[in-house]
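Trainee: Below is the sequence, then the predicted model.
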Amino acid sequence: MAISGRLKQVLIELKAHSPFTLFGALTGIALMLLFRNISHQSSYRLFYVFHPAHVVLSAMVTASLFRLHSKTRGFLIVLIVGYVGSIGIATLSDSILPFLGEDILGVAVPTEAAVHQHAHQNGQAEAEHEHQHGHELHLGFIEEWYIVNPAALLGVVIACFLPRTKLPHTFHILISTWASSAHIMMNTNQPMTVILAAGILIVLFISVWLPCCFSDIIFPMLLVKTDGQEYVLCGGEHHNHKR
């Protein structure tokens, strides 16, 4: 497939992924509204449910694609590719991009009213704890390394035994979006307004769309054979492309 043909296909796939990603971003807003009154510590725990789950899925996809399309299939090489790919993509999607979005939106700076409200709901000590922590970037593979790193290993092992495991692509997007939403909840105490919800919606969309498309589209197309017409997207979806 020529470079121009691949670029065209990437654009087609990016467009095709948009509705799924928008749907996921909307569920992320719903999640934030549902858990709008939970504490910083509860948001932290929520993040470390969804983020490791996303790492497992990303490792499965990355390692499976590599095993199915690469001539080098030794476990160590597959492990390295699966680990770097999953940790890199999941960290970018769940932590780094939401963190930048929080900074741009200004949601990381709690209002005095929000601080007093949390003091009333959760106790003065916890409110002061949340206020002192402020805007933090949570890197799971460092912060909770004993949870996130084994999650990547689990995804690689699953890929080695079941490289063609099919998972709904929407499920991958939802898990990633919810992890990004939990990261934003950890860093803001501000009430959800229509304008803020619109801004967060954009942040969630970008946070999931770009990394997920790199993982599920660009990476498979880099592995596709020049004379072959097939590559496998996230969740084991087969796309055929004929020159």
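Mentor: Here it is on my side, so go on. Numbers count the residues shown, from 1 in each chain.

Trainee: going forward, measure contacts and count neighbours with C-alpha atoms only.
Mentor: Fine.

Trainee: all strands for this protein, in order.
Mentor: Assigned by DSSP state E, the chain shows strands spanning 230-233, 237-240.

Trainee: tally of neighbours for Val194?
Mentor: Neighbours of Val194 under the rule other C-alpha atoms under 10 Å: 9.

Trainee: before we move on, what about the one 3 residues further on?
Mentor: Ala197 has 17 neighbours, counted by other C-alpha under 10 Å.

Trainee: gap between the longest helix seen in the chain and the chain center?
Mentor: Determined from DSSP state H, the single longest helix within the chain is helix 3-34. The chain centre lies 12 Å from the centre of helix 3-34; the measure is C-alpha atoms, centre = their mean, to the nearest Å.

Trainee: ok, now stretch 56-67?
Mentor: 14 Å.

Trainee: I'd like to know which elements the longest helix of the chain is packed against.
Mentor: Secondary-structure packing of helix 3-34 (3 or more C-alpha pairs under 8 Å, 6 or more residues apart in numbering; DSSP states H and E): helix 169-186, helix 194-213.

Trainee: what's the average pLDDT for the first one?
Mentor: Averaged across helix 169-186, the pLDDT comes to 91.

Trainee: what's that helix packed up against?
Mentor: So helix 169-186, by 3+ C-alpha pairs under 8 Å, 6+ apart, packs with helix 3-34, helix 40-69, helix 97-105, helix 194-213.

Trainee: can these go into a markdown table with extra columns for distance to Pro150 and mean pLDDT?
Mentor: Listed next are the helices and strands packed on helix 169-186 as a markdown table, based on distance: least, C-alpha to C-alpha, whole Å; pLDDT from 0 to 100:
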| stretch | distance to Pro150 | mean pLDDT |
| --- | --- | --- |
| helix 3-34 | 26 | 84 |
| helix 40-69 | 9 | 90 |
| helix 97-105 | 23 | 93 |
| helix 194-213 | 21 | 91 |
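
Trainee: and the residue minimising distance to the centre of the chain, what does it touch?
Mentor: Nearest residue to the geometric centre of the chain (C-alpha atoms, centre = their mean): Ser176, 3.4 Å. By C-alpha atoms under 8 Å, 6 or more residues apart in numbering, the contact list for Ser176 reads 50-51, 54, 90, 93-94, 208.

Trainee: mind running it again at 10 Å?
Mentor: 21, 24-25, 28, 50-55, 57-58, 90, 93-94, 170, 204, 207-209, 211-212 (C-alpha atoms under 10 Å, 6 or more residues apart in numbering).

Trainee: re earlier: among the helices and strands packed on helix 3-34, which is the most enclosed?
Mentor: Among the helices and strands packed on helix 3-34, helix 169-186 has the highest mean neighbour count (mean count of other C-alpha atoms under 10 Å), at a mean of 25.
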